[in-house]
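Trainee: Model the following, please.
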Amino acid sequence: MRPDTAETRQHYDEAACRAGFQALDGLTLLAGLYLAISPWVAQFAVLARLSFSNLVTGLALAALAFGFAAAYGRTHGLSWVAPVIGVWTIVSPWVMYGGAAPATAVWSNVVVGLWIVLMGLAAAGITASARSAPRPRVSGLRERATRSSP
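Mentor: Modelled structure (predicted):
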């Protein structure tokens, strides 16, 4: 592994220990869990395709949020997936059922989808700002390499 890769992971892992990151991860996890159970909470489980879609995407989002919380240094590259899941959640009632989806299904998906998009964009924004933040010089292999070169 390259020294700058280890440093970058350490930087992201340190950033993930901050309260803002932890709150974002927790809220994203809750949104994923709600999305997974929403067909039964909002009583549109009879819509089999939408129920299955919400279950799968909700569990995927929850797993992603858990990965962010557990090892952000290794999973930060996947932060773009959450807004995509959010957009899919918003449009899925129309894609699957046209205008025939019940209002409860539409409202549930639109509200939780918007929330997921916002959480995903916030995570991506934090990731981008962490990438552009100045880092201290790397000690170790690079310094040794420059000292030993003629």
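
Trainee: List the residue ranges of this structure that fall below the pLDDT cut-off.
Mentor: The chain contains residues with pLDDT under 70 at 1-20, 72-73, 126-150.

Trainee: all strands for it, in order.
Mentor: Per DSSP state E, the chain carries no strands over any range.

Trainee: now for the lengthiest helix in it, which elements pack on it?
Mentor: Longest helix in the chain by number of residues (criterion: DSSP state H): helix 103-132. Helix 103-132 sits against helix 3-16, helix 19-41, helix 48-75, helix 81-97, with contacts defined as 3 or more CB pairs under 8 Å, 6 or more residues apart in numbering; DSSP states H and E. No exception for glycine: its C-beta is placed from N, CA and C like everyone else's.

Trainee: Could you check the angle it makes with helix 48-75?
Mentor: Angle, helix 103-132 to helix 48-75, by axes from the mean of the first three to the mean of the last three CA atoms, to 10 degrees: 10 degrees.

Trainee: Next, the buried residues of helix 103-132.
Mentor: For helix 103-132, the neighbour count (16 or more other CB atoms under 10 Å) marks 105-106, 108-109, 112-113, 115-120, 122-124, 126-127, 130 as buried.

Trainee: Between helix 81-97 and it, find me the angle.
Mentor: Going by the same axes, to 10 degrees, helix 103-132 makes 160 degrees with helix 81-97.

Trainee: ok so, going back, any chance of the helices and strands packed on helix 103-132 in a markdown table, with mean neighbour count too?
Mentor: Conversion of these to a markdown table gives the following (neighbours: other CB atoms under 10 Å):
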| stretch | mean neighbour count |
| --- | --- |
| helix 3-16 | 16 |
| helix 19-41 | 18 |
| helix 48-75 | 18 |
| helix 81-97 | 19 |
